[in-house]
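Trainee: with the sequence up front, the predicted model follows.
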Amino acid sequence: MKRLIIPLLALLLLTGAAQAQKKTTPLKKKEPTSASPQVLATFDGEKITVQDYQEALKTLPAQLQWSIAQNRNLRAKFLDNLVTKKMLIKTAKESGVKEDQEMRRRIEEFKNELILGKYLREKLEHIKVTDQEAKAYYDRRKKEFTTPKEVRARHILVKTKEKAEKIYRDLKNGADFTKLAKECSIDRASAEKGGELGFFTRADMVKPFSDAAFSMKPGEISQPVKTPFGYHVIQVEEVKPPQQKAFKDVKEEIKKQLFQEKQQEAFDKLVAQVKKKWKVEIHPEKLDQIFNSK
């Protein structure tokens, strides 16, 4: 099942993600006890507290949060980095660095993005997908949740038809497939494994190879099969029929898909309402003068 891609909406909703993570961080907040040190570091009268550390930690990706929580050295390194950052900020301010127009513009831009992100999250937070909706979707599209037929086979690849025909005759007369693959196959990656290719779907191989392999039964050996790579002698070892995935195994995947679709629909509706309210006019043809095109 293909994921729905909503780059604009995703970008806007991710704005201010650090603030949103405060509600969804995977690390369980551990409140300091009376015996826990409140101050983790000091410099020039400034303090880095447990709360400062925890708030900074929440702005990191979940996997990095977990890694720091599990490793003493990383925890100490993160604290050192936090102290260094605050010292540099203090030093920069004391050096006389002043806000300029560009800095103020970027601050205002970031502020607007935070406001927009919060607004969109509030507008879209009501969206839910029930198990019943997911099951109905599954029942309508069961083919999408079926694993295709797979074949496990091995092959011997050579450059000429004559060589392939000789190998085929030798195999039919009882020659050892593994031995011939190691000695003769020009596909060295599989040759070293006795010609083993493992399981593959029809789409994984070039058409002539797949047509031959998927028409065979386990144990059968093919006549030479020509492909752009040369001539193959194939032996099918196992066939896996198509299998239907159970609803319980794909339920969360479906709910995520439906959630994205509902979210996109609500976003599109909101944008349409806003455009109508503000009587938007867009003139893409005027972009030509920017790019010097006619």
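Mentor: Sure, I can see it.

Trainee: number of residues surrounding G117?
Mentor: Neighbours of G117 under the rule other C-beta atoms under 10 Å: 19. Placement of C-beta: from N, CA and C, glycine included.

Trainee: could you identify the helix or strand that succeeds the host helix or strand of it?
Mentor: G117 is part of helix 101-124 when elements are defined by DSSP states H and E. Scanning forward in sequence from helix 101-124 by DSSP H and E, the next helix or strand is helix 131-140.

Trainee: quick one: T42 is in a strand?
Mentor: Yes. Judged by DSSP: H, G, I helix; E, B strand; the rest coil, T42 forms part of a strand.

Trainee: next, count neighbours for it.
Mentor: For T42, the count of nearby residues is 11 (other C-beta under 10 Å).

Trainee: shouldn't T146 be in contact with Q243?
Mentor: Yes. Between T146 and Q243 there is a contact at 6.7 Å, judged by C-beta atoms under 8 Å.

Trainee: next, the buried residues of the helix holding G117.
Mentor: Across helix 101-124, burial judged by 16 or more other C-beta atoms under 10 Å covers 117, 120, 124.

Trainee: what of stretch 134-150?
Mentor: Residues of stretch 134-150 classed as buried: 134, 137-138, 145, 150 (neighbour count, 16+ other C-beta under 10 Å).

Trainee: and stretch 230-250, by the same measure?
Mentor: Residues of stretch 230-250 classed as buried: 230-237, 239, 247, 250 (neighbour count, 16+ other C-beta under 10 Å).

Trainee: the stretch 51-200 of the chain: helices as residue ranges?
Mentor: With helices called from DSSP state H, counting those that start in this stretch, the stretch 51-200 of the chain shows them at 62-70, 72-94, 101-124, 131-140, 161-172, 177-184, 188-191.

Trainee: D211 is nearest to which of those?
Mentor: helix 161-172 (16.5 Å; C-beta to C-beta).

Trainee: contacts for the closest one?
Mentor: With C-beta atoms under 8 Å, 6 or more residues apart in numbering as the test, helix 161-172 has contacts from 156, 158, 175, 177, 180, 184, 221-224, 226, 230-233, 235.

Trainee: can you list the helices of the stretch 51-200 of the chain in a markdown table and add distance to F291?
Mentor: Supplementary listing: the helices of the stretch 51-200 of the chain in a markdown table, determined by distance: least, C-beta to C-beta, whole Å:
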| stretch | distance to F291 |
| --- | --- |
| helix 62-70 | 40 |
| helix 72-94 | 39 |
| helix 101-124 | 24 |
| helix 131-140 | 43 |
| helix 161-172 | 55 |
| helix 177-184 | 57 |
| helix 188-191 | 48 |
